[in-house]
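In: Okay, here's the prediction I keep looking at, along with the sequence it came from:
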Amino acid sequence: MPKIAEIEPTPNPNAMKFILKEPLTWGITRSYDSADKAQADKLAAALFDIEHVTNVFYVDHWITVTQNGQADWNELKRDLAVPIREAPAADDQSAQMMQDAEANFDPSKMSAEDLARLDKINELLDDQIRPFLQNDGGDLYVVGLEGNKLSVHYQGACGSCPSSLSGTLTGIENLVRQIEPDMEVVAV
């Protein structure tokens, strides 16, 4: 059962980041933008059962919960703390989820050239973008690369933050264009 070490606001006023003393996963991101999508995840489902919750994102030692803007954070944080504290810490389930995720990736659908391009882009994102997003209670992952179009998906606090869909996306596109000058980056 993870204990909450700190609770921090994020740049998104409707999202709060809970930093935990024990990890919930080992590098596996879990992101849900509705209760329906979270049904198979016990922790996320319990958080969506709390009124006003609109998004749940977690990985390793932190979890970000977004609300609809109608709740008082002081009251909501107390309610959210209960299922977070009751959640199991990272264990064999995380290892199984990682295996399942790796099994679903089919590199045969991409050319060797596109895989090399994607690796370079992910290295750049890992070094210069993801740490900042994760610090603010979110993340992003690459959904696809088709020609000169890179599709990314924001998670956690970044998923509903206006600056993610404008300024951050432009910043990512400018950064990626350093290695691929004609690249277009779209958020999906």
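Out: That came in fine, so what should we check first? Residues are numbered from 1 along each chain as shown.
In: Against Val176, how distant is Ala116?
Out: 14 Å (CB to CB, to the nearest Å). No exception for glycine: its C-beta is placed from N, CA and C like everyone else's.
In: Setting aside sequence neighbours, what's the nearest residue to the residue most central in space within the chain?
Out: By CA atoms, centre = their mean, the chain has its centre lying nearest to Gln155, at 3.2 Å. Ranked by CB to CB, 6 or more residues apart in numbering and with sequence neighbours excluded, the top spatial neighbour of Gln155 is Ser31, at 3.8 Å.
In: Then Ala46?
Out: In space, Ala46 is closest to Pro83, 3.7 Å off (CB to CB, 6+ apart).
In: buried set for the helix or strand hosting that neighbour?
Out: Taking DSSP states H and E as the definition, Pro83 sits inside helix 73-86. Buried positions in helix 73-86, judged by neighbour count with 16 or more other CB atoms under 10 Å: 76-77, 79-80, 83-84.
In: Also stretch 181-188?
Out: Buried residues in stretch 181-188, defined by neighbour count with 16+ other CB under 10 Å: 183, 185, 187.
In: From the contact counts, what lies against the helix holding Pro83?
Out: strand 4-9, strand 15-20, helix 42-48, strand 62-67 (3 or more CB pairs under 8 Å, 6 or more residues apart in numbering; DSSP states H and E).
In: State the next helix or strand along the chain beyond the lowest-mean-pLDDT helix or strand in the chain.
Out: Across the helices and strands of the chain, mean confidence by mean pLDDT, DSSP states H and E is lowest for helix 92-104: a mean of 49. Counting by DSSP H and E, the element after helix 92-104 in chain order, helix or strand, is helix 112-128.
In: What is the subsequent helix or strand relative to that following helix?
Out: Next along from helix 112-128, by DSSP H and E: helix 130-135.
In: which secondary structure elements does whichever helix or strand comes after that following helix contact?
Out: Sequence-wise, the next helix or strand downstream of helix 130-135 (DSSP H and E) is strand 138-146. With contacts taken as 3+ CB pairs under 8 Å, 6+ apart, strand 138-146 sits against strand 53-59, helix 112-128, helix 130-135, strand 149-156.
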